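Build the 3D model from these lines:
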Amino acid sequence: MSDLAAPQPSCEVSWFSALCDDDYEFLGQPDPALQASWAHCRDIVQTAESGGFDRILLPSGYKLGIEAVAFAGGMAPMLQTIRLLTAIRCGEMWPPQMARQLATLDHMAQGRFDINIISSDLPGERLESAPRYQRTLEYMNILRDLLNGKSVSARGAFYNFDVEAPRMTGFGGKAPLFYFGGLSEAARETAAAAADVYLMWPDTLEGVRSVVADMRARAERHGRSLRFGYRVHVVVRETEAEARAAANRLLSRLDADAGEAIRAKSLDSRTAGVARQGELRDAAGADGFVEETLWTGIGRARSGCGAALVGTPDQVLAKLRAYQALGMEAFILSGYPHQAECDLFARHVLPHLEHGPISRFD
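Residues are numbered from 1 along each chain as shown. Next up, the predicted model:
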């Protein structure tokens, strides 16, 4: 490694378990061996734990894959160090019942449990952005109060009820952290009002700088502060040529129509965040790179997080540190196939990052 191995501020480094049928050797070419299942996704989590990652994201879908909360319950007793970041879709379950379920999981994981708040449409439903995020904000406030052991008197547009403080709270008497992302006006205001960690999908350095400045100002207007996280794929190889070849290999069997169909399957496929990923692809050069190291080709075959950091360990490390300089304190990474790329990153990059989990008790 180069002088990039010099000590740097600490950050949280997480991996991703492909619960939503999002694991491939060749993008757009389903492989039964990589399809979401208890065994396959468990193996990814255990590889991430043995590799030294701080946290694992368990994503949530409806049409695709397996259910995140149930999977978290199965994993919690099997893990020793890694923290679970479990996605929930606001509105799928009555809030007091969800709070009880999450509190139970939190205790099963002995506090190594936090929540990724998702504000997508529910199956069979279409809500405009503003009311959907209003429901999400109400839901987040209810969950936080109940998990902090408080009574709730909800009087909102979506929830109107009274419940007493529950006996079972979050581990240590505190609610898990709420990770949350979204680029629309309504999403940004919801995050500023109620999130702990604001998650971004890939963007240029200037794009990241702009969003961070905006979100800090919004949170300050709410009398709050935010921490920031960055979700991106990685393709790490010993040489830049090998990394680019590996990236191109991922797309080598992708049919354009198949890629479009994959992107359209997601309930989040029409959000402002997804639109921004499309803008990055449109702005990229013929090789798919929109700026140094940031490759948008991966977004041709998935909705949501649509770009990867492609390069040598030094190049990827330098890019992560550039994001840190802009305010990123957490990274949620993934790659294809997820278990193999997890091992590569754990061996070649993770040892050179000063890292540790963000805690609700900080």
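
what about Asp133, how many neighbours?
Let me fix one detail, which is that residue 133 is Tyr and not Asp. By the criterion of other Cβ atoms under 10 Å, Tyr133 has 23 neighbours. All C-beta spots, glycine's among them, are computed from the backbone N, C-alpha and C.

Going by secondary structure, it is in what exactly?
helix 129-147 (DSSP states H and E).

Strand partners (parallel or antiparallel) of the helix or strand following that helix?
Moving toward the C-terminus from helix 129-147, the next helix or strand (DSSP H and E) is strand 152-155. Applying DSSP bridges to the sheet, strand 152-155 is found paired with strand 160-163 (antiparallel).

buried sites along the partner strand?
Val163 (16 or more other Cβ atoms under 10 Å).

For the helix or strand that comes right after that strand, name the packing helices and strands.
Per DSSP H and E, the first helix or strand lying C-terminal to strand 160-163 is strand 178-181. Helices and strands touching strand 178-181, by 3 or more Cβ pairs under 8 Å, 6 or more residues apart in numbering; DSSP states H and E, are strand 113-118, helix 129-147, helix 185-194, strand 197-200.

7 Å - rerun?
Counting contacts by 3 or more Cβ pairs under 7 Å, 6 or more residues apart in numbering; DSSP states H and E, strand 178-181 packs against strand 113-118, strand 197-200.

for the first one, the distance to its chain's centre please.
The gap between where strand 113-118 is centred and where its chain is centred comes out at 9 Å by Cα atoms, centre = their mean, to the nearest Å.

show me where pLDDT drops low in the stretch 151-300 of the chain?
256-270 (pLDDT under 70).

Also the stretch 1-150 of the chain?
Ranges of the stretch 1-150 of the chain meeting pLDDT under 70: 1-7.

residue ranges of the helices in it, please?
Remark: helices assigned in the stretch 1-150 of the chain by DSSP state H, counting those that start in this stretch are 38-51, 68-75, 95-108, 129-147.

Make CSV out of the helices and strands packed on strand 178-181 and add mean neighbour count.
As requested, the helices and strands packed on strand 178-181 are exported to CSV (neighbours: other Cβ atoms under 10 Å):
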stretch, mean neighbour count
strand 113-118, 25
strand 197-200, 24
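
Any chance of a markdown table for the helices of the stretch 1-150 of the chain, columns distance to Val163?
As requested, these are exported to a markdown table (distance: least, Cβ to Cβ, whole Å):
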| stretch | distance to Val163 |
| --- | --- |
| helix 38-51 | 33 |
| helix 68-75 | 20 |
| helix 95-108 | 5 |
| helix 129-147 | 7 |
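
Of all the ones you listed, which one is nearest Ala195?
helix 129-147 (7.7 Å; Cβ to Cβ).

quick one: that closest one to helix 95-108, angle?
50 degrees (axes from the mean of the first three to the mean of the last three Cα atoms, to 10 degrees).

Buried ones in helix 129-147, by neighbour count?
129, 132-147.

isn't Met328 right next to Tyr230, touching?
Yes - counting by Cβ atoms under 7 Å, Met328 touches Tyr230, with 4.7 Å between them.

Compare neighbour counts for those two and give me the winner.
Neighbours were counted for Met328 and for Tyr230 using other Cβ under 10 Å; Tyr230 has more, 26 against 21.

Tell me which helix or strand Asp282 sits in.
Short version: Asp282 belongs to helix 272-283, going by DSSP H and E.

right, and the helix or strand after that helix?
strand 289-291.

List of residues touching that next one?
204-205, 280, 283-284, 295-296 (Cβ atoms under 7 Å, 6 or more residues apart in numbering).

longest strand of this structure?
strand 227-236 (DSSP state E).

what's the spacing between the first helix or strand past it going along the chain and its chain's center?
Reading on from strand 227-236 to the C-terminus, the next helix or strand found by DSSP H and E is helix 240-250. Here helix 240-250 is found 24 Å from its chain centre; the criterion is Cα atoms, centre = their mean.

How many residues are close by Ile88?
22.

Please name the bridge partners of it.
Ile117.

I'd like the distance between Arg216 and Leu309.
24 Å (Cβ to Cβ, to the nearest Å).

ditto for Cys41
23 Å.

can you check Asp121 too?
30 Å.

between those two, who's got more neighbours?
Leu309 (28 against 17).

Confirm the more buried one sits in a strand?
Yes - Leu309 sits within a strand when classified using DSSP: H, G, I helix; E, B strand; the rest coil.

which residues does it contact?
232, 234, 293-294, 316, 319.

Swap in 10 Å and give it another go.
Contact analysis of Leu309 by Cβ atoms under 10 Å, 6 or more residues apart in numbering lists 202, 230, 232-236, 243, 292-295, 315-320, 323, 331, 333, 335, 345, 349.

So what's the model's average confidence on stretch 305-322?
Stretch 305-322 comes out with an average pLDDT of 96.

Return the set of buried residues in it.
So stretch 305-322, judged by 16+ other Cβ under 10 Å, has buried residues 305-321.

returning to what we had before: what sits in contact with each of Met328 and Tyr230?
11, 199-200, 208, 320.

Of those, which pair is most distant in space?
Farthest pair in these, by Cβ to Cβ: Leu199 and Leu320, 15.2 Å.
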